[in-house]
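[1] Sequence and predicted structure, then a few things I'm wondering about:
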Amino acid sequence: MKIILLGMLLLLIAACNQGVESPKGFSLPKGDAGQGKQAFLKYKCLSCHVADGVEDDTIERQMEPVTLGGDVHVVKTYADLVTSVINPSHRIATRYKQSAYVDDQQQSKMTNYNDIMTVKELTDIVAFLQPKYELKPINRTEYPRYFP
């Protein structure tokens with residue numbers, strides 16, 4: 001009986017292992033928000049985005065801007081923001097799945113910065129953007145209690 005339980009435990013552990021594709025142990029260094037703002041401006045992110053407290057009148061808008069930051073009902077994690085920069089097509093919000101923001105294959109039109117931006121610039125931009133998101137609880141509808 002103990003051997004069967006041990007075997008089942010080993011199968012369970014093996015099923016949870018993602019092998020060489022696992023993100024376990026992956027970590028990026030902490031970024032510098034001040035340098036992140038400079039990198040944000042350097043890469044002309046304002047041509048497609050708006051972020052509270054950042055302006056540059058010399059940058060021409062490419063489209064109706066995507067707002068970064070603001071009130072959200074789901075935590076924007078460090079990993080969410082890193083993924084949004086290095087793989088913008090990973091998860092596109094429904095409101096941005098329009099022709100202005102995606103191509104014919106429903107892939108983000110955001111420039112791929114993977115061969116341009118350094119890891120330091122990436123972590124700095126994420127450090128700059130993350131505090132711009134404020135978690136707001138969902139306002140639930142209060143229903144009256146009915147008593148028989």
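    Yep, it's here.
[2] Give me the three-state assignment for the residue nearest to Leu28 when sequence neighbours are not counted.
    For Leu28, ignoring the flanking residues on the chain, the nearest one in space by CB to CB, 6 or more residues apart in numbering is Thr123 at 5.2 Å. (C-beta placed from N, C-alpha, C; glycine too.) Under DSSP: H, G, I helix; E, B strand; the rest coil, Thr123 falls in the helix class.
[3] low-scoring stretches of this protein, by residue?
    1-18, 22, 148 (pLDDT under 70).
[4] coming back round to it: would you check that the residue nearest to Leu28 makes contact with Gln35?
    No - using CB atoms under 8 Å, Thr123 is not in contact with Gln35; the gap is 9.3 Å.
[5] What residues does the residue nearest to Leu28 make contact with?
    Each residue near Thr123 by CB atoms under 8 Å, 6 or more residues apart in numbering is listed here: 28-31, 36, 82.
[6] for stretch 125-138, which positions count as buried?
    Buried residues in stretch 125-138, counting neighbours by 16 or more other CB atoms under 10 Å, are found at 125-130, 132-133.
[7] And for stretch 105-123?
    Using 16+ other CB under 10 Å as the test for burial, stretch 105-123 gives 108, 110, 113, 117, 121-123.
[8] Which member of these is positioned nearest Thr77?
    Distance to Thr77 across the buried residues of stretch 105-123 (CB to CB) is lowest for Thr123, with 13.8 Å.
[9] returning to that earlier point: include distance to His90 when you put the buried residues of stretch 105-123 into JSON lines, please.
    As requested, the buried residues of stretch 105-123 are exported to JSON lines (distance: CB to CB, whole Å):
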{"residue": "Ser108", "distance to His90": "9"}
{"residue": "Met110", "distance to His90": "11"}
{"residue": "Tyr113", "distance to His90": "14"}
{"residue": "Met117", "distance to His90": "17"}
{"residue": "Glu121", "distance to His90": "19"}
{"residue": "Leu122", "distance to His90": "15"}
{"residue": "Thr123", "distance to His90": "18"}
